[in-house]
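[1] Give the three-dimensional model of this entry:
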Amino acid sequence: MEGNEKFLDYRVGTLPTVLYIPNFITDNEENFLLNNIYAAPPSKWKSLKNRRLQNWGGVVHEKGLLPQALPPWLTNLTQKICERSGLFPSAINHVLINEYLSNQGIMPHQDGPAYFPVVAILSLGSPVVMDFTPHSRLKLDAHDAIATNDDDGTIETEKSKWLDDHHPFSVLLMPRSLLIFKDQAYSDYLHGIEDTEVHCYDGAVNETQALTQNELDHSFSSSEEAVETMGRGKDKNVLRTSQRISLTCRLVPKVHKNLFKF
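    Okay, here's the model as predicted:
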């Protein structure tokens with residue numbers, strides 16, 4: 001996996017292609033981004049069934065991008081991501097901003113083939129758990145599943161066996177954190193967020209990093225939200241008490257000035 005060697009220290013889980021960077025931006029930078037996002041005209045928002053979004057950078061077509069320049073308040077962020085990670089071959093040229101209410105999520109999906117296979121997601125607002133599931137083509141068929149013989153003599157069939165050591169996992173996304181995934185995590189997995197106000201983060205591949213960030217936020221921030229949203233004891237839950245904003249930053253390698261010249 002290519003990229004800035006120091007940045008690669010943020011790898012989490014068993015896949016070497018998933019990185020979680022806590023506190024990638026400051027409180028002031030978060031407020032700056034939120035102010036610009038909500039200063040956009042109403043026409044910039046597109047309402048979907050379970051969320052609304054803003055599209056910046058142009059229209060993504062199956063054959064490439066019909067470009068529109070990113071505003072400076074976004075290019076400052078995308079340049080920082082490119083420079084610190086070293087994972088993009090050229091400047092990020094497309095940003096999708098999603099707003100999720102406390103009970104909204106997004107179905108498991110993969111990003112389209114028009115994008116370079118690296119995704120950087122900056123999270124603002126409420127914490128959330130993102131689930132990664134291996135693509136259905138990697139799941140064993142029923143007749144190929146492995147049978148196990150329990151101590152009591154019963155035989156059970158494993159229902160979630162995957163090829164080539166693939167397995168589901170989750171990532172706890174705290175406010176101001178940056179998640180980057182690429183290569184195998186990009187091509188072999190679907191990612192999504194459940195439509196529920198309570199998310200369980202037990203077993204999240206970055207649980208330690210996220211909890212450390214939460215403790216620092218509680219110690220140095222006047223906001224109590226970070227602590228209030230984290231479970232205690234056996235109940236390792238995130239309580240989504242407010243909306244979450246995500247900035248999905250990607251590169252579309254093929255850029256077309258005229259859509260009709262594809």
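[2] Low-confidence regions, the stretch 101-250 of the chain specifically.
    Low-confidence segments of the stretch 101-250 of the chain, defined by pLDDT under 70: 138-165, 214-234.
[3] The same query, at a cut-off of 50, please.
    Per-residue confidence for the stretch 101-250 of the chain (pLDDT under 50) gives these ranges: 142-159, 219-227.
[4] where do the strands sit along it?
    Per DSSP state E, counting those that start in this stretch, the stretch 101-250 of the chain carries strands over the ranges 106-109, 118-125, 128-134, 147-149, 155-157, 169-173, 178-182, 189-193, 198-200, 237-239, 244-250.
[5] For Leu96, find the nearest of the ones you listed.
    strand 244-250 (4.5 Å; C-beta to C-beta). The way it works is simple: take the backbone N, C-alpha and C, and place the C-beta from them, glycine included.
[6] What lies in contact with the closest one?
    33-34, 37, 74, 77-78, 81, 92, 94-100, 111, 115-116, 118-128, 173 (C-beta atoms under 8 Å, 6 or more residues apart in numbering).
[7] If any of those residues are buried, put those into a ChimeraX selection.
    Remark: buried members of those, expressed as a ChimeraX selection using 16 or more other C-beta atoms under 10 Å:
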select :33,37,74,77,78,81,92,94,95,96,97,98,99,100,111,115,116,118,119,120,121,122,123,124,125,126,127,128,173
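[8] so what's Leu19 bridging to?
    Beta-bridge partners for Leu19, by DSSP bridges, are Arg11, Ile180.
[9] That one is in contact with Asn4, isn't it?
    No: proximity of Leu19 to Asn4 does not meet the contact threshold set by C-beta atoms under 8 Å, at 10.3 Å.
[10] Which neighbours do those two have in common?
    Shared contacts of Leu19 and Asn4 (C-beta under 8 Å, 6+ apart): Ser85.
[11] Compare the two (neighbour count), which wins?
    Remark: of Leu19 and Asn4, Leu19 carries more neighbours, 26 against 12, as counted by other C-beta atoms under 10 Å.
[12] residues contacting Gln213?
    Pro22, Asn23, Met174, Ser177.
[13] Oh, that last question was meant for Gly13, not what I typed.
    Gly13 makes contact with Phe169, Val171, Val205, Asn206 under the criterion C-beta under 8 Å, 6+ apart.
[14] if we can go back for a sec, farthest-separated two in the contacts of Gln213?
    Spatial extent of those (C-beta to C-beta) is set by the pair Asn23 and Met174 at 8.3 Å.
[15] who has more neighbours, the two?
    The neighbour count for Asn23 versus Met174, taken as other C-beta under 10 Å, is higher for Met174 (25 against 16).
[16] hang on, Leu190 packs against Phe132?
    Yes: Leu190 lies in contact with Phe132 (C-beta under 8 Å); the separation is 7.1 Å.
[17] Quick one: the contacts of Gly13 as CSV, columns for neighbour count and distance to Asn237 too.
    Shown next, in CSV, are the contacts of Gly13 (neighbours: other C-beta atoms under 10 Å; distance: C-beta to C-beta, whole Å):
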residue, neighbour count, distance to Asn237
Phe169, 21, 18
Val171, 26, 15
Val205, 19, 17
Asn206, 27, 16
